[in-house]
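1. whatever this is, show me its structure:
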Amino acid sequence: MADHGTPIPMTARKSPPLRGTALIPGDKSVSHRAFILGALTVGETHITGLLEGQDVLDTGKAMAAFGADIQRIDEGEWLVNGVGVGGFGEPEDIIDCGNAGTGVRLIMGAMATTPITTTFTGDASLRSRPMGRILDPLTLFGATSVGRDKGMLPLTMVGARDPMPAQYTSPVPSAQVKSAVLLAGLNAPGETVLIEREKTRDHTERMLRGFGAEIETVKTAQGYAITLQGQPELKPLSIAVPRDPSSAAFPIAAALLVEGSEILLPNIGLNPTRAGLLTTLLEMGADITYENEREEGGEPVADLRVRASQLRGIEVPPERAPSMIDEYPILSALAAFASGKTVMRGVKELRVKECDRIDAMARGLEAMGVKVEEGEDFLIVHGQDGDVAGGITAQTHFDHRIAMSFLCMGLATVKPVSIDDAGAIATSFPVFEDLMTGLGAPVARDNC
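-> You can find the predicted model right below:
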């Protein structure tokens, strides 16, 4: 049983054409960072368009526990009165980050160079995810931690009393590792340098610049070197959060799969470090057009028009993986309907997400009769040229992206597709059910 209580089974059935406008919630990655950097600023940060999913709300509660004043003004509109860099106070209780892997890792970075002690925990899924990749670089600043084997939650972190700047080369392409190091570097004197061999999503760097931090990225022979000047005085900011491209992936996929569909998705974030799925879908023959391209809050955005399309399998370049790592579950679902095979390599990061996403998608696709090949770092899906049987109840492993991927498949399979539990969807896309039914998709909770 999932941590949220009674499981919520759902079923998706063959759909009539989808029509209408899909108002996607705010970007999850930007929303987490808006709360955290707002809390590290002296003065009032005004946020609009914030994603009010449970993951982000848990990050907001954590910032309040560290001493920031967090107020909800209206739907998606929040005010954060921060405590400044190095101003976190010691929480009176354990910080429970729920299902938020991004939240807990960024928060650990933000507190690692402040001399306070904090204990972190989360739900069953988060407690099973390794934190070592974050803890290792944070020790370079002087932070220490005690926890379960492999650094799994619950764990207690003691922030550095006399933090030192760090130089660190990330062994994995992870925006969470990069962001944790940069947030730790805020309260360390001198220059903190993070080198990543492959470019990952850069929301943290963009937002740090917006708040007034001195940060520079230079391409070198070793990769991308990001240098941050420590101990800045961050200035309050007004942040308009763009709509989340990772959440948009699901109605986009549904519209591509359901014959006769045409939908519009306004104000979708098109940060180039996040746009890998759209690039891939266009290569597969998807009918997606960008309208009204512009910039909002330092992030490129556009309105996307999506029409039903017959997709063809391709080989996705492995170097594209960091820009679409969260979208491989829905891509593998789309690949099942394509003609030919879709090859996805460089995806081992999927093995340590909310669940082993390669295994979860492979087992569900196989149960529908789709041929799949997999390895530690690759997934190959042999397309059925539009003819996918369905007729299964997929195991979601309390993973929101697995749940939504299989529900989108059920809109185009011969027989309905059910999932064992939709509860995790609320962590990132709380309006998913209403949005999809508003477009005409027959998605419903069982026995309701």
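
2. domains in this structure, by residue range?
-> The record's domain parsing of the chain by automatic domain parsing lists 10-26+242-445, 28-240.

3. with mean pLDDT and mean neighbour count as new columns, can those be given to me in JSON lines?
-> No exception for glycine: its C-beta is placed from N, CA and C like everyone else's. Formatted as JSON lines, the domains of the chain follow (pLDDT from 0 to 100; neighbours: other CB atoms under 10 Å):
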{"stretch": "domain 10-26+242-445", "mean pLDDT": "96", "mean neighbour count": "21"}
{"stretch": "domain 28-240", "mean pLDDT": "95", "mean neighbour count": "20"}
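
4. apart from its chain neighbours, what residue comes closest to residue 407?
-> residue 12 (4.3 Å; CB to CB, 6 or more residues apart in numbering).

5. any idea how far the one you found is from residue 45?
-> Distance, residue 12 to residue 45, by CB to CB, to the nearest Å: 39 Å.

6. helices of the stretch 51-200 of the chain, start to end?
-> In the stretch 51-200 of the chain, the segments counted as helices under DSSP state H, counting those that start in this stretch are 54-65, 101-111, 124-127, 132-139, 175-185.

7. what pairs with the nearest residue to residue 280 once chain neighbours are set aside across the strands?
-> Spatially, and ignoring its direct neighbours in sequence, residue 280 is nearest to residue 316 (5.5 Å; CB to CB, 6+ apart). Beta bridges link residue 316 to residue 344, judged by DSSP bridges.

8. need the contact list for the residue in the chain sticking out farthest from the centre.
-> What lies farthest from the middle of the chain is residue 162; by CA atoms, centre = their mean that is 32.6 Å. For residue 162, the contacting residues are residue 142, by CB atoms under 8 Å, 6 or more residues apart in numbering.

9. could you number the chain from 35 rather than 1 from now on?
-> Right, with 35 as the first residue, what we last looked at is residue 196.

10. could the C-alpha coordinates of stretch 119-126 be exported in CSV?
-> Coordinates of each C-alpha in stretch 119-126 appear next as CSV, following Å, rounded to 0.1, in the frame of the first residue of the first chain:
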residue,chain,number,x,y,z
VAL,A,119,22.2,33.5,2.8
GLY,A,120,23.4,31.7,5.9
GLY,A,121,20.3,32.7,7.9
PHE,A,122,18.6,29.4,8.2
GLY,A,123,17.6,28.5,11.8
GLU,A,124,17.5,25.0,13.2
PRO,A,125,14.1,23.3,12.6
GLU,A,126,12.3,22.2,15.7
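
11. re the thing from before, the residue nearest to residue 314 against residue 376, yeah?
-> Yes: with contact defined as CB atoms under 8 Å, residue 350 reaches residue 376; the gap is 7.1 Å.

12. common neighbours of the two, please.
-> Shared contacts of residue 350 and residue 376, defined by CB under 8 Å, 6+ apart, are found at residue 365.

13. mind listing the helices for the stretch 335-482 of the chain?
-> Per DSSP H, counting those that start in this stretch, the stretch 335-482 of the chain carries helices over the ranges 362-371, 391-401, 434-444, 466-472.

14. need those in JSON lines (columns: distance to residue 291).
-> Converted to JSON lines, the helices of the stretch 335-482 of the chain look like this (distance: least, CB to CB, whole Å):
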{"stretch": "helix 362-371", "distance to residue 291": "6"}
{"stretch": "helix 391-401", "distance to residue 291": "14"}
{"stretch": "helix 434-444", "distance to residue 291": "7"}
{"stretch": "helix 466-472", "distance to residue 291": "12"}
